[in-house]
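[1] fold the following and give me the result.
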Amino acid sequence: MGATVTSPRRACLPFDVDRAGMVMGEGSGMFVLESAEHARRRGARVHAWVQGWGTSSEAYHPSTPNPSGEWERLAMQLAATEAGVGPGQIDVLAAHATGTPKGDTAEIAAINTFFAHAGPSVMSINGTLGHPAGAAGAAGALALAAALEGMRRGLVVPTGGTTRPEPAVDFDLVLGRPRARDISWIQANAFGFGGQNASLILSAERVI
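    Residues are numbered from 1 along each chain as shown. Below is the predicted model of the structure:
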């Protein structure tokens, strides 16, 4: 399932014209969520606030998403609605970005449609870590960790491996090196086999 390229550094190419398949990765990650009251009692430093989430299930195909990206877009919209924010308020999108021709095509369409030039910086860690299959949810957590560290530092993590974005990409895909940016809102996508789509929105400050 790996990309047909000779350099290991370009084995997984999210949103790249030369993407050719998913590269298997391995690893794990975990987040512990707690209520504001519990965090306050123990004097914890709050990294971010979970503001909204959305899910959709398309059942289009066992492994291939609907190429229109409409169900991925729906998950993103539901998350934004629950968070009470518009697309223009999102600063960073941690994309699912498997690097597969069909998977990326659907997500590109979803991002283009949902944001419609709203201007978030888009990043992915799959080009660096690969796709850990059953642990992909944990990898999504790691993508959030990278985005949260970027929130603290005012930097957006670049998308590893990708050098020539697909012409259909109509958004700000961060490549090459970290991008300086003030970050208040992060959205993260996780799209799985069988059309299981999820999107999560976090904020730097608590929103009442």
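
[2] for P101, give me its contacts.
    Residues in contact with P101, defined by Cβ atoms under 8 Å, 6 or more residues apart in numbering, are R19, A20, G21. (Glycine included, C-beta is placed from N, CA and C.)

[3] in the protein, what residue sits furthest out from the centroid?
    No residue in the chain sits farther from the centre than R41, which is 31.8 Å out by Cα atoms, centre = their mean.

[4] and that residue, how close does it get to A204?
    With distances taken as Cβ to Cβ, to the nearest Å, R41 is found 21 Å from A204.

[5] what residue ranges in the protein score low on pLDDT?
    Flagging of the chain using pLDDT under 70 yields the residue ranges 1-6, 8-9, 27-29, 132-142, 144, 208.

[6] where along it do the helices fall?
    Taking DSSP state H, the helices of the chain run over residues 36-41, 70-83, 101-115, 126-129, 136-153.

[7] export the ones you listed to a markdown table and tack on distance to W53?
    Formatted as a markdown table, these follow (distance: least, Cβ to Cβ, whole Å):
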| stretch | distance to W53 |
| --- | --- |
| helix 36-41 | 17 |
| helix 70-83 | 5 |
| helix 101-115 | 15 |
| helix 126-129 | 21 |
| helix 136-153 | 12 |
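
[8] how about those helices, which one is nearest G176?
    The closest of the helices of the chain to G176 is helix 126-129. By Cβ to Cβ, the value is 11.6 Å.
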